[in-house]
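# Predicted model, plus sequence, below.
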Amino acid sequence: MQLRSWTPSRRDTLGFGLTALLAAALAPRLVLATEEAVAAELKKLYGDKPMADGKIKLDLPEIAENGLVVPLNIDVESPMTEADYVKAVHVFADGNPLPQVVTYRFTPQSGKAAASVRMRLAQTQNVLAVAEMSNGALYSAKAQVKVTIGGCGG
Amino acid sequence: MAIKSKPRIKVPSEAKAGEIIEIKTLISHEMETGQRKDSTGKPIPRAIINKFTASFNGKTFFEADWFTSVSANPYQAFFYKASESGEFTFTWKDDDGSEQTATAKLTVA
């Protein structure tokens, strides 16, 4: 096959320009959630209430070969009695199109504030869990998961 | 997509009083995110199961709100502290309003 040399005409240039403009205009819609989006969700839930570290065991693979099915185990330390239990746990992923992953509501009858689920991760990102205790205290934990789409372990 | 298939649940049938048992559930569902486009470039509307509820003898003890980041064919495991004999009811609620339920009996010795 012969390669033709090609000089852009005025019309071509204009076309390219328009395409680029259109792409730029559409791009923000395709942008994935960010840490700010996660922070905004948290603000909606709990305002500016401070969060402590600890209590939450976030069990996630360090490297997920398949971002479509990433196992997540959460275990929050609590006696789970009527007086002291974990009310809710929220999980966020800051690199997915929408930051929310799952929200759990526990009761003392749950026995254990633990749950396992499988989630989608669009790219390498941080997974954040926030636990709300029955006395209103908040705890958070964060873990990074590397997502390798090709599955070659790269 | 409405929920078509029967959910699968794994619950022990017997437990001692005060024992914490693990419950595992699995249901077939595409969990369409609403982010994808079909071959003609038209966006495929979101269609997921958005809520899972577990109750025992009519009292809810565990709830999960699922968002689009939950994988297809959602698996959910959680716990329950056995105190009396009775029946579990598990409910999956679809975006289209349809529901699927499953039950399991538990005997507390």
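In hand now; what should we look at?
# residues contacting the most centrally placed residue in chain A?
Geometric centre of chain A, nearest residue: A:Ala93, 0.7 Å, by CA atoms, centre = their mean. Neighbour list for A:Ala93: A:33, A:99, A:101, A:119, A:121-122, A:125-128, B:69 [criterion: CB atoms under 8 Å, 6 or more residues apart in numbering or on different chains]. C-beta: built from backbone N, CA, C; applies to glycine.
# Same check on A:Leu68?
A:Leu68 neighbours (CB under 8 Å, 6+ apart): A:120, B:71-72.
# quick one, what contacts the residue of chain A found nearest chain B?
Per CB to the nearest CB, A:Gly111 is where chain A lies closest to chain B, at 3.1 Å. Taking CB under 8 Å, 6+ apart, we find A:Gly111 in contact with A:80, B:20-21, B:79-81.
# Out of those residues, which sit inside strands?
Per DSSP state E, strands hold the following members of the contacts of A:Gly111: B:20-21, B:79-81.
# Most neighbours out of those residues, which is it?
The most crowded member of the ones in strands among the contacts of A:Gly111, judged by other CB atoms under 10 Å in any protein chain shown, is B:Tyr80 (25 neighbours).
# that older thread, confidence score at the residue of chain A closest to chain B?
A:Gly111 is assigned a pLDDT of 96 by the prediction.
# Find the nearest non-adjacent residue to it, please.
B:Lys81 (3.1 Å; CB to CB, 6 or more residues apart in numbering or on different chains).
# Okay, strands next: where are they in the chain?
By default, I'm working from chain A. Here chain A has its strands, by DSSP E, at A:52-53, A:56-59, A:63-64, A:70-76, A:86-93, A:100-106, A:113-119, A:125-133, A:138-147.
# please go with chain B instead
B:8-10, B:14-15, B:20-26, B:49-56, B:59-66, B:75-81, B:86-94, B:99-108.
# Those: which one's closest to A:Ala115?
strand B:75-81 (4.6 Å; CB to CB).
# Who does that closest one pair with, and is each partner parallel or antiparallel?
The sheet places strand B:75-81 alongside strand A:113-119 (antiparallel), strand B:20-26 (antiparallel), with pairing taken from DSSP bridges.
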